[in-house]
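# sequence? don't have it. structure:
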């Protein structure tokens, strides 16, 4: 079998059971989240690789909200019987062509450095694949999914980066909203927020939110902002948050995502 013998096509409802079987064989947690994602977010932007009449691979994309054509890579897996034949690279290159037709600027992927006691580093092959097609490591969050298991975020520019225009300080107000547990993590939370009014949340307001996180036995709390929202720096510092990463050109060229972390335990 040669890569040219395979067909890359949009995922149909009839493909989902075969796709989930491929994902479950690699990672049960990914299986559960993929199943929920296909059910609640649909199949738009999701693709399968077919050999004859069988599904042998899956990949796809989801648009990042409130961005200028930024996307996240969806679950990307191959049937174990078909690995080692450059089919993963084939799927990604076909996906890149589709994204470029949509004028996508940048694609991100999140993965893990988890080491299985029996199988070793189960995401190492995927990481090497991402690197081989041009993804660059941008952020590492230690002890993210579980103690000892980091989150790794890679980014790929799909279009030439345009020169950034000089940005004024964003003067919109920032209001803290609810605290929520991040999917696939063990007691790691994120603080949500919205633009409202002219004032920024205070350090005392953030500390009350962190008290709530402690009551929920949170290990860490994350929050992120566009790079032009500078008024958050002071209350974040005063409440104990530390800068922990930057996703370059996330919202648009020249407008990055600044990430902050508060470690409880």
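The structure has been received and is ready for your questions. Fair warning: this is a prediction, and the values are worked out from it, not measured in the lab.
# now the helices for the chain?
Along the chain, counting by DSSP state H, helices occupy 16-26, 28-40, 87-101, 124-132, 203-215, 233-238.
# least reliable of those helices by average pLDDT, please.
Note on the helices of the chain: lowest mean pLDDT is at helix 28-40, with a mean of 92.
# mind listing what's buried in that one?
Going by neighbour count (16 or more other Cβ atoms under 10 Å), the buried part of helix 28-40 is 30-31, 34, 37-38. Every C-beta, even on glycine, is put in place using the N, C-alpha and C of the backbone.
# and stretch 113-125, by the same measure?
113-114, 123.
# how is the chain carved up into domains?
Per the record, the chain has its domains at 3-157, 174-263, by automatic domain parsing.
# quick one: the first one to chain centroid distance?
Pointing back at domain 3-157 there. Here domain 3-157 is found 11 Å from its chain centre; the criterion is Cα atoms, centre = their mean, to the nearest Å.
# ditto for the last one
In terms of Cα atoms, centre = their mean, the centre of domain 174-263 is found 17 Å from the chain centre.
# hang on, the earlier thing: could you export the buried residues of helix 28-40 as CSV, including distance to residue 127?
Below are those laid out as CSV (distance: Cβ to Cβ, whole Å):
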residue, distance to residue 127
30, 15
31, 20
34, 19
37, 21
38, 24
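# ok, the residues you listed vs residue 88, which is closest?
Ranked by distance to residue 88 (Cβ to Cβ), the buried residues of helix 28-40 are led by residue 30 at 15.4 Å.
# thought residue 58 was touching the closest one, still the case?
No: assessed by Cβ atoms under 8 Å, residue 30 is found out of contact with residue 58, at 10.9 Å.
# overlap in contacts, the two.
Residues touching both residue 30 and residue 58 (Cβ atoms under 8 Å, 6 or more residues apart in numbering) are 23, 75, 77.
# make CSV from those residues and add neighbour count and distance to residue 63 to it.
Converted to CSV, the shared contacts of residue 30 and residue 58 look like this (neighbours: other Cβ atoms under 10 Å; distance: Cβ to Cβ, whole Å):
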residue, neighbour count, distance to residue 63
23, 20, 21
75, 20, 16
77, 24, 21
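# nearest to residue 132, of those?
Among these, residue 77 lies closest to residue 132 (Cβ to Cβ), at 16.4 Å.
# and the closest one, how far from residue 141?
Residue 77 sits 23 Å away from residue 141, taking Cβ to Cβ, to the nearest Å as the criterion.
# please apply the same query to residue 243.
12 Å.
# for these two, indicate the residue with more neighbours.
Between residue 243 and residue 141, counting by other Cβ atoms under 10 Å, residue 141 is the more crowded of the two (20 against 12).
# ok, for residue 58, nearest residue in space, not its chain neighbours?
Once flanking residues are discounted, residue 58 sits nearest to residue 19: 4.6 Å by Cβ to Cβ, 6 or more residues apart in numbering.
# surely that neighbour is in contact with residue 48?
Yes: assessed by Cβ under 8 Å, residue 19 is found in contact with residue 48 at 6.4 Å.
# now for the residue nearest to residue 58: which residues touch it?
11, 34, 38, 48, 55, 58.
# redo those as TSV? Include distance to residue 192.
Compiled in TSV, the contacts of residue 19 are given as follows (distance: Cβ to Cβ, whole Å):
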residue	distance to residue 192
11	30
34	24
38	24
48	33
55	36
58	30
